Every structure is written in C-alpha cells, then in structure tokens.
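J.: 3D, please:
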Amino acid sequence: MTALDAAARRDALLGETDLLAGLYLSADPATPIPTCPDWTLANLVAHVGRATRWAAAIIAARTTAPIDIRQVPDIRRPHDPEEAARWLRGGAAAVLDSLASAGDDTPVWTTIGTPRPAAWWVRRLLHEATVHRADATLALGREFVLGPGLAADGLSEFLGLVALATHFRTPLDEGTSLRLHASDTDDTWTIHRSGDTVTATDSPAPATLTLRGTAAELFLLLLRRIPADAARVETTGDLSVLSTWRERVRF
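T.: So this is what the prediction gives:
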C-alpha cells in the first residue's frame, strides 16, 4: 500500500495546515461546517490548532501519560483572523520542533491509549488536517484536491484507527467484507470483520462489496465527507455494506 515516508509526512503536515489557514483567512469564520454538526469554521480551526499544540506539549514532555489540554500554553485560538492563522500554523511547527528535540522513536502517550513512537503524532495530525481541510473546503463550496499518495496514506491511517476499535463501533456486520481499490495509486485494501474489530490487508480477495475510485474519493466516502450517491466510485456487490459502514463510523 502507498505510504508516505517520515519526511513527506512532516512536510505535508505543514502544507495542509497552511492550506487550512488560507481557507480561514478567505472566508467568514462563522461559516457553518455541515460535516461537523454545530461547528463553524472558527470552531474547526480552534480544534485543529488545539490538537497540534497539545501533541507538541506531550512530545516535548516525553510523557507516556496524558496532559490536561487546559494546562497547555497558548491553547486558545486568537479572535483576530490573521493572528488565528499564525497560531494555527505555529501549532504544526511546534509539533515538528518538539519531535526534533525528543526524537522520532521516543515513546509518548497517544489518543489510542497506549504509548507509541513520537512520530506517530505527525501522521495522526496530518490526517486530522486533511480531513478538516476537506470539511472547510466543501462547506465553502470549493473543490477539494488531495494528492493520490497523501489520500492513500490517509486512508491507511484511518483504517488502522478503525481496526483498533477505540473510536468506532465495528463498522461491518459479521460475515461481510469491504474491498477498496484506488484507481490512481493501484492500492488495494480488503477489510474483514474479526470478532468485534476489523482487519485491513492488501489482499485482492473478493469481498461482499468492492469500491473502486481515486484514493481521495475513497477517503472522503469512507469518512462520510461526501454523500454516497455523489461519489464517483464504481461499486460491485452489496451496497448495504457501505450503508452500514457510514452509519456506524463517526469521525
């Protein structure tokens, strides 16, 4: 499966955060975000900025226990849009600065509840930014563009979170499976239910439902950022598998 290397993920974290900051400066902060009910664009930017500064503090402290986010310095989004954009970009930069000091392999606390190498946070925050940039872009009625390699890496990261079953209900019914084929990267993910969790492999084995489209389309579809009937995705098999997935997955 396509996966970005560590340097590409660091660069992409800065790039995606910069694009989100640009969107914020180009629009009304009170713009509603339909894919994040009850959020505005300002709320979304605050969420992303708080996450990066919290992660930077965790990495800097080299702690394997959670840090109270309320105790993190400069955690609140400034009201002035220009200052807020700088604050957002600064959070991503702080993550990389903390990582450079602590080292990629230093074990730290993570949101999945177990310590992981500090570099885990870069990938998680990168795709937090890609998803929420999609939220903002779509809310503003603009075209969302995400490179194939970045989208495929995001899809793999997301499926890894789903497999851990820490944030989601098991998104497949017993006896069903879902196969994804990214037409632009030629990656394949086959997702099977295993007890109360799911496993994703690169096996091309037949599945209950197969979805074929660009990596970005598959990424947005499985994360419920675009309606199922709006996706330019080819389907083969039982469409109820996709309905069940989208009903159970909230991110």
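J.: wouldn't Cys36 be in contact with Asp135 here?
T.: Yes: assessed by CB atoms under 8 Å, Cys36 is found in contact with Asp135 at 5.5 Å. In short, each C-beta sits where N, CA and C put it, glycine included.
J.: The two: which is more packed in?
T.: Asp135 (24 against 19; other CB atoms under 10 Å).
J.: that older thread, need the residues touching each of Cys36 and Asp135.
T.: Leu44 (CB atoms under 8 Å, 6 or more residues apart in numbering).
J.: Show the contacting residues for Ser243.
T.: Shown in contact with Ser243 (CB under 8 Å, 6+ apart): Ala228.
J.: Could you check the pLDDT of it?
T.: Per-residue confidence (pLDDT) for Ser243: 95.
J.: check which helix or strand covers it.
T.: Using DSSP states H and E, Ser243 sits in helix 240-248.
J.: and the lowest-mean-pLDDT helix or strand in the chain with helix 240-248, angle?
T.: Taking mean pLDDT, DSSP states H and E as the measure, the helix or strand of the chain with the lowest value is strand 197-201, at a mean of 88. Counting by axes from the mean of the first three to the mean of the last three CA atoms, to 10 degrees, strand 197-201 lies at 120 degrees to helix 240-248.
J.: Could you list the alpha-carbon positions for strand 197-201 in CSV?
T.: Presented in CSV, the C-alpha positions along strand 197-201 are these (Å, rounded to 0.1, in the frame of the first residue of the first chain):
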residue,chain,number,x,y,z
THR,A,197,-12.9,-5.5,15.4
VAL,A,198,-11.9,-5.3,11.7
THR,A,199,-8.6,-6.1,9.9
ALA,A,200,-7.4,-4.5,6.7
THR,A,201,-4.9,-6.2,4.4
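J.: Identify the residues contacting the nearest residue to Ala27 once chain neighbours are set aside.
T.: Among residues not flanking Ala27 along the chain, Leu140 sits closest, at 5.5 Å (CB to CB, 6 or more residues apart in numbering). Leu140 is in contact with Leu23, Ser26, Ala27, Thr31, counting by CB under 8 Å, 6+ apart.
J.: roughly how far apart are Leu140 and Val108?
T.: From Leu140 over to Val108 the distance is 35 Å, taken as CB to CB, to the nearest Å.
J.: what helices or strands is the helix or strand where Ala60 lies leaning on?
T.: According to DSSP H and E, Ala60 maps onto helix 41-61. Applying 3 or more CB pairs under 8 Å, 6 or more residues apart in numbering; DSSP states H and E, one finds that helix 41-61 contacts helix 6-26, helix 81-102, helix 120-139.
J.: For Ala56, which of the ones you listed is the nearest?
T.: Distance to Ala56, taken as CB to CB, is lowest for helix 81-102 among the helices and strands packed on helix 41-61, at 3.9 Å.
J.: which residues touch Glu217?
T.: Counting by CB under 8 Å, 6+ apart, Glu217 makes contact with Ile226, Ala231, Arg232, Val233.
J.: Look up how far Ala60 lies from Ile67.
T.: The value you get for Ile67 to Ala60, if CB to CB is used, is 10 Å.
J.: Revised request: answer the last question for Arg133.
T.: For Arg133, the distance to Ala60 - CB to CB - is 25 Å.
J.: Tell me which of these two has more neighbours.
T.: Higher neighbour count among Arg133 and Ala60: Arg133, with 23 against 18, using other CB under 10 Å.
J.: okay, now the residue lying closest to that one once chain neighbours are set aside: neighbour count?
T.: Distances taken as CB to CB, 6+ apart place Leu20 nearest to Arg133, at 4.7 Å, with adjacent residues excluded. Using other CB under 10 Å, Leu20 is surrounded by 27 other residues.
J.: Contacts only, for Leu20.
T.: Per CB under 8 Å, 6+ apart, neighbours of Leu20: Val45, Val48, Leu88, Ala129, His132, Arg133, Ala136.
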